[in-house]
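K.L.:
The following comprises the amino acid sequence and a computationally predicted model.
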Amino acid sequence: MTVRTRFAPSPTGYLHLGGARTALFSWLYARHNNGKFVLRVEDTDLERSTEESTQAILDGMQWLGLDYDEGPFFQSQRMDRYKEVIQQLLEKGHAYKCYCSQERLENLREEQRIRKHKPRYDKHCFENPPKDSSAPHVIRFLNPEEGEVTFEDQVRGVITFKNTELDDLIIQRSDGSPTYNLCVVVDDADMQITHVIRGDDHINNTPRQINILHALGFEPPVYAHVPMILGDDGKRLSKRHGAVSVIQYHEDGYLPEAMLNCLVRLGWSHGDQELFSKEEMIKLFTLDHISQSAACFNTEKLNWINQQYLKTMPADYITSYLSDTFHEMGVDYLNGPSLIDIVEAYRERVDTIKEMAEKTRCYFQTIEHYDDKAAGKFLKEPVLGPLTSMRDRLDSLTDWSKENLHQVVVDVCAEFDIKMPKVAQPIRVALTGNSNSPSIDLTLKLMGKERTIKCLDHALEFVRIA
RNA sequence: GUCCCCAUCGUCUAGUGGCCUAGGACAUCGCCCUUUCACGGCGAAAACAGGGGUUCGAGUCCCCUUGGGGACGCCA
C-alpha cells in the first residue's frame, strides 16, 4: 500500500512556523516512502477563510519547496459529498437532528462548569425528538455511550479516551454547512490518506474522528501527532513574534534550505547531525525520532544554519538572491564590482542575505554617513597624513590589483612608521562607513579606483571639518 | 473543573536498563589564528523537576507530586 499523507491548513492566516513544520514532516514522510503528498485547504468556515490566506500558504510552501502531488483540494467545493455522508449517517441512526437553541446550549455549559463538570451536550434532542422537524436545527453525531477509543499514535504511543468523555458533536450547522470533524473524516477517507501527521492540538479530536470513521465503515489511518512549536520566548506563536509567516523569513534574507533545515531539527533528530540537505532529510526521515515535547524556535540557531548554507552553497545561487534584494532596495548593482566577488568576500561575515546587501551597498552607492563610533575612533586628525598619502599613491596607481594595493598600504605604513591597522581602519571607515570589512586590499579592490578616491576625498574633508 | 499530552544544559537535542564521570549543536565566556570584522581551531561553564518503587544496576521501566501545554465552540 502506498503511503499517502496530507497537509490540511485552514486559510485563516499565514503559513506560520508550526504549520510549515507540520507540512514538512508530512511531505518528508511521503517522499521518504515514495508516497503521495496531498494538499487540502480546509475552508469550511466561510466567515474566516480568505483567498489571501490561501495564497499566502501556497507561497510559503512554494518558497520552501514543499511540492504536492495532488490538490490543492478545497473543502468548500465538496459540500455535496459531505451532505451525502451526513444523510447516510442520519439514515443509519448514527446521527440525529438537534433543535436546541444556542442559548440553551450556553446555559447548559455554564451550569456544567459551575458544577465542575466537563461541558457536554446532554442528548436532549436525542431523548426527546421534537415533532416539528422543519424548524431550524443542527445535526449531531451519535457518539457511542460506552467503551473507549484507543489508537496507537506513532509519536505518543497508545492513547485511550473513554467514550463518556466525548459528546455528540455537531456535524452540520443550522445553515446546512458541515463542520470540521466531519469534513476531515470524509476527506481523509475519500483521499485514501494512510498517515495523518498533524499538530498535537488535534489529539482530542482524534477519538471523535475515529468514531465517525467507524460509523461510516472506514478504517482509521495511522496517526502521528507532533508537538507544537513555541516562540523564542517560550510562549505560543503569535503576532507578537515578529515573523509570523515563513515568507517573512524570506524577506529577512534567509535561504529556504536553511529554513527547512532549522524546521526539521525542531522536534526531529538523527543522532548528532545538525545539517541536512533536502535529499538527506528525505533519506533519513522516519516517525520514530520525533520528540514528544514542544520546542522553542531559536532565531540564533537559524542564523547559524543560514550562515552555514551561505558559506557552502554555490556562489552564483546566492548571487541570485543578493541581486533580488538589491533590486528591492533600489540599489543599482550593475554599477560596481561583480556580485560573485561580493558574495565570496562577505559570505562568511554575515548571517543573512539582507545583512549582506546592507553591508555591501556601499560598493554601489555613496555612503550617506559614517558610523558614529567608527568615525569617532578612526577619522581623527592624526590620520590626515597617512590618508592623504594613501589617496595620492592610489590616484597614481594604474594597475588596480590586489598585490599592488597591498604594496601601497605597506608603503604608507613604512612612510609613517605605523602598523597596518592604523592605516587600514581609517580606510575601512572612509570606504564602507564602519570599521568591519574584508581584508583591506580586497576591500579596496572591490571598491574600484574611482569610488575609492571619491570616498577618501570625502573622508579627508570630513576630518578637516571635524 | 474534567479529560488528554508533556518534562535531559539558557535553547535545539543524543540517550530505547550497564558503553553516562550524561554526548553534540546554538548562544555565552576564555585562548589561538589574524590586517578590522568574521571564518576556523582549542578550551571552559552549563542539564537528567521532586519523591517513591521495580532491578544486581534507572536519565532510561512503573506510581505519586509538582510544573507546563492542549482540548472541552453551530473555529479549524
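P.N.:
Good, I have the coordinates.

K.L.:
next structured bit after the lowest-mean-pLDDT helix or strand in chain A?
P.N.:
Ranked by mean pLDDT, DSSP states H and E, the helix or strand of chain A with the weakest confidence is helix A:124-127, at a mean of 85. Read in the C-terminal direction, the helix or strand following helix A:124-127 is strand A:138-141, with elements assigned using DSSP states H and E.

K.L.:
Can you give the strand pairings for the helix or strand following that next one, parallel or anti for each?
P.N.:
Stepping forward along the backbone from strand A:138-141, the first helix or strand reached (DSSP H and E) is strand A:148-153. Sheet neighbours of strand A:148-153, with direction, are listed as strand A:157-162 (antiparallel) (DSSP bridges).

K.L.:
close enough to count as contact, residue A:409 and residue A:418?
P.N.:
No. Under the criterion of C-beta atoms under 8 Å, residue A:409 lies out of contact with residue A:418, with a separation of 10.8 Å. C-betas here are computed from N, CA, C, even on glycine.

K.L.:
From the contact counts, what lies against the least confident helix or strand of chain A?
P.N.:
Helix A:124-127 makes packing contacts with strand A:95-98 when contacts are defined by 3 or more C-beta pairs under 8 Å, 6 or more residues apart in numbering; DSSP states H and E.

K.L.:
Is there contact, residue-wise, from the strand it packs on to RNA strand B?
P.N.:
No. Counting by C-beta under 7 Å from any atom of the strand, no contacts exist between strand A:95-98 and RNA strand B, the nearest distance being 7.8 Å.

K.L.:
Same check on stretch A:36-43?
P.N.:
Yes. For a cut-off given as C-beta under 7 Å from any atom of the strand, stretch A:36-43 has contacts with RNA strand B, namely A:42, A:43.

K.L.:
So for whichever strand or helix holds residue A:341, what gets flagged as buried?
P.N.:
Per DSSP H and E, residue A:341 falls inside helix A:339-346. In terms of neighbour count (16 or more other C-beta atoms under 10 Å), helix A:339-346 has its buried residues at A:339, A:341, A:342, A:343, A:344, A:345, A:346.

K.L.:
Same question for stretch A:68-79.
P.N.:
Burial within stretch A:68-79, assessed by neighbour count using 16+ other C-beta under 10 Å, is assigned to A:68, A:72, A:73, A:75, A:76, A:78.

K.L.:
Centre of the chain to that stretch, how far?
P.N.:
Relative to the mean C-alpha coordinate of its chain, stretch A:68-79 is positioned 23 Å out (C-alpha atoms, centre = their mean, to the nearest Å).

K.L.:
how long is that stretch end to end?
P.N.:
Length of stretch A:68-79, first residue to last, C-alpha to C-alpha, to the nearest Å: 23 Å.

K.L.:
Which residues does that stretch contact?
P.N.:
Residues from elsewhere that reach stretch A:68-79, judged by C-beta atoms under 8 Å, 6 or more residues apart in numbering: A:7, A:27, A:30, A:36-44, A:46, A:49, A:54, A:58, A:61, A:82, A:177-178, A:183, A:186-187, A:191.

K.L.:
again, only this time at 7 Å
P.N.:
A:36, A:37, A:38, A:39, A:40, A:41, A:42, A:43, A:44, A:183, A:187 (C-beta atoms under 7 Å, 6 or more residues apart in numbering).

K.L.:
pLDDT score for the closest residue to residue A:401 other than its chain neighbours?
P.N.:
Counting by C-beta to C-beta, 6 or more residues apart in numbering, residue A:445 is the residue found nearest to residue A:401 once chain neighbours are left out, at 7.5 Å. pLDDT for residue A:445: 95.

K.L.:
Look at residue A:100 and tell me its secondary structure.
P.N.:
Three-state call for residue A:100 (DSSP: H, G, I helix; E, B strand; the rest coil): coil.

K.L.:
OK, contacts around it?
P.N.:
For residue A:100, the contacting residues are A:124, A:125, taking C-beta under 7 Å, 6+ apart as the criterion.

K.L.:
likewise residue A:152?
P.N.:
Under the criterion of C-beta under 7 Å, 6+ apart, the neighbours of residue A:152 are residue A:158.
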